[in-house]
Structures are given as C-alpha cells and as structure tokens.
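**Student:** Following is a predicted model, sequence given first.
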Amino acid sequence: MGAADKWLLPLVSVSFVSLMLFLSALSGFSASSALFARLPPPSYVRRGAAAPPSFAYLLSGGRGDGRRLLRLLLAVYHPRNQYLLHLSADAPSSERAELAAAVARAVPAASAFGNVDVVGRPAAGTPMGSSGLAATLRAAAALLRLDAEWDWFVTLHAADYPLVTQDDLIHVFSSVPRHLNFIDHTSDIGWKEGQRVQPVIVDAGIYLAGRNQFFQATQKRDTPDGFKFFTGSPWVILNRRFIEYCIFGWENLPRTLLMYFTNVMLPLEGYFHSVACNSDFRNSTVNNDLRYMVWDDPPQMEPRFLDSTHYDEIVNSGVPFARKFQEKEYLLDKIDEKILRRWRQRPVPGAWCTGRNRWFSDPCSQWSNVNIVRPGPQAEKFRRYMDRILEESKSSNSSCAQ
C-alpha cells in the first residue's frame, strides 16, 4: 500500500472481509455479518451534464469533534455524493477509528456505495498557518482520486450545519451552471494588509508532529504586485474544473500563489479567492459563500454562536448552510425536527430512501433510485435566494475587478 493510500481510512470496502479487517484492526469494533445483512445492492448513480449534480464534501474538525462530524455527515449524506472526514492531528487515532465505526453503524448505504472515507494521516490543527490550506488541497486531491465525476467541492466544519436537505440542494443546483464557484471575496483588504498579508509566519505543524502553533518573522514583506490579493470567507463551494486547476496546476499561477500563501497567516481566507480572480476563472465566480452567519459589530475573528433566537431568520434566509453552532445547541435539534425531518443517529430521509419510517426502523436502510429527488419547502426559499444572487452576479461588473 502506497503512502497516498495509507492517508485514507476507507470506511467501506468492496468486500465484507476487508471491512471486518479494517474495523477490527483500527477501532477494535467487532463487526458482525448481521450488520450488513439484507442490504440492497447500490443502485446506478447517473453522472454527467444530463444527470443531477453531485457534491464532494470535506467535513473537518479537531480533537473531540468526532460526534459532531458524525451528526454533520448524517445531516448531509446522500448516495450521489462523496465524503471525506478529517479530524486534525491533535485528535487521537482512537477517535478516528471510533468515528469510522460509528458511521458504518449509522449509515448502511455507505457500505454499499463506498462514498465515505476517514482521513488516516491527518494534517495539523494549527489555527493560523498553512496547515488548513494543505489539508484542504490534500483532501480535494483525494476526492478527485476517489471519484472524479462530482460537480462541486464543499468545505464544512464540525461547527456548521445544513439548513436544507440534500434533495433540496441537488434540486436547486440542478439549474445552476456547473462552471460557477461560490467564493465570498474582496480586494479591499484594508487593515488586513498590515496584519494578515505582510507578516511572514511559519506553521510549525507542517514540519513538527504534534505542534499546533506558528512562528512569526520579525520583518514583514511587501504586498505582492505580481498578482492582486483577494480575501474573504474561508468556506467555499468550488466546481471540479477549478479544483483540478488548483491541484494539477497546468499554469504556474496556482503553484506561485501556493508558495506565497504558505507563509500567510490565514491562507484559507485568500488562496482560492486570489487564484480565481487572477485567472480565467474570474468570470465564473459568484461573490457569495452560501452561509448564514451572525457577526458582532465590529466583526471579530469568528462569527457569533447561533441559538434558538436565530431560528426564524435562518429558516427565511434561504441559504443552505449556517455556522457557528455549539455541540449541544438546542437549535440543531430544532433544525433536525422542523427542516431536515431527521431522527437521531439517522441520515436525513430523501427520495432515495424506501424503507418504512418507524421509530425502530431507519427508512434509509433500504433504497432504490438515487437519481431522483423530492425537494421540500426550504428548496423554494433556497431557489429564490440562488436566483437573486445569480442575477446580481450577471448584472454587476465582475466582483474580481473590485
């Protein structure tokens, strides 16, 4: 097994034997043949421009976030999509193994469709530095290798949660041009120039295992003039062609900017933004990250935690994702009950689920056609929101010119 293969802990395998070996060797979980008994075979997943879109999700978290990542996966799972779960290096190996075993128990479809993987050799969890960008690019490359036919790459954190079902998301994105990228960005960097752009830092977690801090040089560097610096939200939805451009780099720009952003304080707030707006992808970039967030005034480093007082706002916002949530926030339970219709420890039921919906029976333990969707009430709100931002994007000058 090569180094690239060892980086992933495959959650499901083509044979039951290999899955048993994985669970017993990595997590100590005793797999039973009854766990996968009577599961229907995976149905045909249609791909291509005429088929519904599919998404490659990177779900990331740190030490102690295993349960939150499981809940997030259950909230965004669909057999058409591909999922990669990343617990940073500060989390113990046992937590990754427990997460893999928990997903195998909670999502029977994952064993049939083989579309969920857990990162086995994670990146560092340095809050500032290039670790996050390195982990994201590495995950994107892995997702291309696992399934090169998805349409959009979506980054979510353990503190995020969806406000629409995957049927809603697939339905609305079916009418969205697949060359578009959703990146909140601006070239008006203001105070960030002196505090975020010019300081030179070294992420210790890249070079030293177990380190999670960074070192800052005493001198600063000038703002680059070889490209225009853009900044914005670190949470993005990127089309596959743009990800391939960043990973394979058939031009020098992605590599040049990667070398520069390696020593930037918060590279995830500028790398994809700057690559898109300094390349031919500038005209396919929508200036929106499709996230609901509440900020202090003036804004702090992170948005405020959401609670039940924000429920009406998030329901009417029309956006598909929100952040940040605390782990045991009651609002999450309300979203599960009222919007997603999700029972505890089960995936969100969609048109692909054909089992009986009972308290003792998971409807998604049985399935048929995964190429059809059944959008709910939130889909219409999301569609109106999407139509509005796409119209604004068409009618205004390129946001990358700002």
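**Tutor:** Arrived safely, thanks for sending. Only a predicted model underlies this, so the values are computations on that prediction, with no experimental measurement involved.
**Student:** secondary structure class for residue 179?
**Tutor:** coil (DSSP: H, G, I helix; E, B strand; the rest coil).
**Student:** Three-state assignment for the closest residue to residue 295 other than its chain neighbours, please.
**Tutor:** Closest residue in space to residue 295, ignoring its immediate chain neighbours: residue 303 at 5.3 Å, by Cβ to Cβ, 6 or more residues apart in numbering. The C-beta positions use only the backbone N, C-alpha and C, and glycine is treated the same way. Three-state assignment for residue 303 (three-state DSSP): coil.
**Student:** My guess is residue 303 contacts residue 292. True?
**Tutor:** No. Judged on Cβ atoms under 8 Å, residue 303 makes no contact with residue 292 at a distance of 9.3 Å.
**Student:** Find residues that contact each of the two.
**Tutor:** Residues touching both residue 303 and residue 292 (Cβ atoms under 8 Å, 6 or more residues apart in numbering): residue 323.
**Student:** how about residue 255, secondary structure?
**Tutor:** Bear in mind the rule, three-state DSSP; under it residue 255 is helix.
**Student:** and it, how far is that from residue 223?
**Tutor:** Separation of residue 255 from residue 223 (Cβ to Cβ, to the nearest Å) stands at 20 Å.
**Student:** Residue 185 too?
**Tutor:** Residue 185 is 16 Å from residue 223, by Cβ to Cβ.
**Student:** Which one of the two is surrounded by more residues?
**Tutor:** Legend: neighbour count by other Cβ atoms under 10 Å for residue 185 and residue 223, higher for residue 185 (25 against 12).
**Student:** so how far is residue 233 from the more buried one?
**Tutor:** Taking Cβ to Cβ, one finds residue 185 at 8 Å from residue 233.
**Student:** on that earlier part again, check contacts around the residue nearest to residue 295.
**Tutor:** Residue 303 neighbours (Cβ under 8 Å, 6+ apart): 293, 294, 295, 323, 324.
**Student:** give me phi/psi at it?
**Tutor:** Dihedral pair for residue 303: phi -70, psi 170, per degrees, to the nearest 10.
**Student:** returning to what we had before: now the contacts of residue 303: which count as buried?
**Tutor:** Among those, those classed as buried by 16 or more other Cβ atoms under 10 Å are 293, 294, 323, 324.
**Student:** Output those residues as TSV; include the columns distance to residue 79.
**Tutor:** Below are the buried ones among the contacts of residue 303 laid out as TSV (distance: Cβ to Cβ, whole Å):
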residue	distance to residue 79
293	30
294	33
323	25
324	28
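**Student:** Just give me the closest of these to residue 336.
**Tutor:** Using Cβ to Cβ, residue 323 comes nearest to residue 336 of the buried ones among the contacts of residue 303, at 16.2 Å.
**Student:** burial count for the spatially closest residue to the closest one that is not a sequence neighbour?
**Tutor:** Leaving aside its sequence neighbours, residue 323 sits nearest to residue 160 (Cβ to Cβ, 6+ apart; 4.4 Å). Residue 160: 23 surrounding residues under other Cβ under 10 Å.
**Student:** quick one, phi psi at the most centrally placed residue in the chain?
**Tutor:** Centroid-nearest residue in the chain: residue 155, 2.4 Å away (criterion: Cα atoms, centre = their mean). When read as degrees, to the nearest 10, the backbone of residue 155 gives phi -110, psi 130.
**Student:** Tell me what the closest residue to it other than its chain neighbours is bridged to.
**Tutor:** In space, and not counting its chain neighbours, residue 155 is closest to residue 58: 5.0 Å by Cβ to Cβ, 6+ apart. Beta bridges link residue 58 to residue 84, residue 155, judged by DSSP bridges.
**Student:** What residues does residue 58 make contact with?
**Tutor:** Per Cβ under 8 Å, 6+ apart, neighbours of residue 58: 84, 86, 136, 139, 140, 143, 153, 154, 155, 156.
**Student:** where's it relative to residue 123, distance?
**Tutor:** Counting by Cβ to Cβ, the gap from residue 58 to residue 123 is 12 Å.
**Student:** what residues are shared contacts of these two?
**Tutor:** residue 86.
**Student:** Would you enumerate the residues in contact with residue 334?
**Tutor:** 308, 311.
**Student:** and the helix or strand where it lies, which residues are buried?
**Tutor:** Here residue 334, judged by DSSP states H and E, is contained in helix 330-335. Neighbour-count burial for helix 330-335 flags 331, 332, 335 (criterion: 16+ other Cβ under 10 Å).
**Student:** between these, which is nearest residue 316?
**Tutor:** In terms of Cβ to Cβ, no member of these lies closer to residue 316 than residue 335, at 13.5 Å.
**Student:** hang on, that closest one packs against residue 163?
**Tutor:** Yes. Between residue 335 and residue 163 there is a contact under Cβ under 8 Å: 6.8 Å.
**Student:** list residues touching both of the two?
**Tutor:** Common neighbours of residue 335 and residue 163 (Cβ under 8 Å, 6+ apart) are residue 314.
**Student:** if we can go back for a sec, which neighbours do residue 185 and residue 233 have in common?
**Tutor:** By Cβ under 8 Å, 6+ apart, no residue touches both residue 185 and residue 233.
**Student:** what's the spacing between residue 249 and residue 262?
**Tutor:** 15 Å.
**Student:** quick one: least confident helix or strand in this structure?
**Tutor:** Ranked by mean pLDDT, DSSP states H and E, the weakest helix or strand in the chain is helix 16-26, scoring a mean of 30.
**Student:** if we can go back for a sec, so can I have a markdown table of the buried ones among the contacts of residue 303 showing pLDDT, secondary structure and distance to residue 95?
**Tutor:** Formatted as a markdown table, the buried ones among the contacts of residue 303 follow (pLDDT from 0 to 100; DSSP: H, G, I helix; E, B strand; the rest coil; distance: Cβ to Cβ, whole Å):
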| residue | pLDDT | secondary structure | distance to residue 95 |
| --- | --- | --- | --- |
| 293 | 95 | coil | 27 |
| 294 | 93 | coil | 30 |
| 323 | 94 | strand | 22 |
| 324 | 93 | coil | 21 |
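**Student:** Out of these, the closest to residue 370 would be?
**Tutor:** Comparing these against residue 370 with Cβ to Cβ places residue 323 closest, at 27.8 Å.
**Student:** my read: that closest one touches residue 158, true?
**Tutor:** No. Residue 323 lies out of contact with residue 158 (Cβ under 8 Å); the separation is 9.7 Å.
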